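Colleague: The sequence and its predicted three-dimensional model are supplied below.
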Amino acid sequence: MSTSARYRPITARNSLAFSLVTCLAIGVCSCFTADAGERQSNGATVRTARGSQAANTIRRSLEFYQAVRSFTLDCELELHVVKASFSGDIADTYSVAMQRPNRMALVLKDNTNAVSVVCDGSRVFTCVGAPNPVESEPAPASLADIKGDAIHKHSAHLDPLDYLRPLIDYGRPDILADGAAAAKSAGAESIDGSTCSHICFAGKGCVWQVWVEEGARPVVHKLECDVSASAIKSFTADPQMAGATISMIARYRNWKLNPEFPVDTFKFTPPPGTEIAELLSRTMAKSLTSLEKHKTDSPAN
């Protein structure tokens with residue numbers, strides 16, 4: 001990419017850009033279970049086969065991350081939308097620093113809007129830029145439980161955690177783990193100077209492609225997904241999006257494993273003049289929501 005981060009609206013309406021980011025979050029966060037069989041994508045049939053070398057490559061990559069206590073990288077995200085009448089994209093690049101069990105710093109590299117998610121091990125701070133306040137909440141025990149949903153809810157930027165979760169959430173089913181059961185090799189390709197295994201697998205409504213470095217360091221260099229079938233359901237009321245092709249590409253560059261971090265890496269400093277809004281813990285908020293629903297559903301005395 002020629003710039004570290006950019007945002008080009010697909011139309012002049014910011015609401016459409018927000019809708020695109022929201023639909024992408026819905027598509028990625030859905031539970032994709034890989035099935036044996038065939039899927040059609042961009043005119044090419046992906047044939048899936050269980051117990052293949054491709055499946056073993058994905059499993060080896062997931063196991064590799066279990067031994068990595070910390071890492072840094074640049075995560076480049078691109079959302080592409082193509083329709084007969086128009087085309088456009090949204091793209092962001094985040095610098096990423098993660099340290100188990102629960103310290104994290106995600107910072108938009110073109111930080112004009114000060115977008116970031118920082119966890120110092122005690123609290124999580126999510127900043128999406130003015131006029132929104134910084135959201136602060138108690139830190140969860142694990143990196144896998146840190147949420148970045150405020151980014152796509154309150155800005156037109158992409159949430160990097162949707163595409164970092166397969167690298168940190170190895171203890172639970174996820175896109176890569178589910179896909180490993182039905183993956184097929186598409187050969188070897190060079191990504192950023194590293195020879196990578198190119199692997200395809202099909203999920204419900206999506207076709208995924210992943211590029212995993214060959215050799216002793218099986219890190220993921222690229223993840224690509226056509227989310228048209230699943231995401232388009234979010235646009236049933238918007239005739240502009242009927243028949244659109246929607247795809248997502250995540251590139252993971254400049255990997256550094258188990259690095260030494262400067263002392264201020266996970267320290268959050270709010271932008272000048274920004275308010276900090278204290279949030280309830282998600283567990284408490286969920287309990288209160290359930291309580292309110294119970295009161296609403298209960299018959300009046």
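Modeller: Done, it's in. Numbers count the residues shown, from 1 in each chain.
Colleague: So, low pLDDT: which residues of this protein?
Modeller: Flagging of the chain using pLDDT under 70 yields the residue ranges 1-51, 84-86, 111-113, 170-181, 203-205, 230-242, 280-301.
Colleague: Quick one: the helices in it, in order.
Modeller: For the chain, applying DSSP state H gives helices covering 14-29, 53-66, 149-154, 161-168, 175-180, 228-231, 282-297.
Colleague: Now the third one: buried residues?
Modeller: Spelled out, that is helix 149-154. 150-152, 154 (16 or more other C-beta atoms under 10 Å). Heads up, the C-betas are built off the backbone N, CA and C, glycines and all.
Colleague: Roughly how far does the residue nearest to A105 when sequence neighbours are not counted sit from R59?
Modeller: In this structure, A105 finds its nearest non-sequential neighbour in A97, 4.4 Å apart by C-beta to C-beta, 6 or more residues apart in numbering. Separation of A97 from R59 (C-beta to C-beta, to the nearest Å): 26 Å.
Colleague: Tell me which of those two has more neighbours.
Modeller: A97 (20 against 16; other C-beta atoms under 10 Å).
Colleague: returning to what we had before: test my guess that the residue nearest to A105 contacts F266.
Modeller: Yes - counting by C-beta atoms under 8 Å, A97 sits close enough to F266 to count as a contact (7.2 Å).
Colleague: who touches both of those two?
Modeller: 104-105 (C-beta atoms under 8 Å, 6 or more residues apart in numbering).
Colleague: Dump the buried residues of helix 149-154 into a markdown table; add distance to K256 as well.
Modeller: Listed next are those as a markdown table, based on distance: C-beta to C-beta, whole Å:
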| residue | distance to K256 |
| --- | --- |
| A150 | 27 |
| I151 | 24 |
| H152 | 27 |
| H154 | 30 |
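Colleague: What is the neighbour count of the closest residue in space to S61 that isn't next to it in sequence?
Modeller: The spatially closest residue to S61, leaving aside those adjacent along the chain, is P218, at 4.2 Å (C-beta to C-beta, 6+ apart). Residues within reach of P218, counting by other C-beta under 10 Å, total 19.
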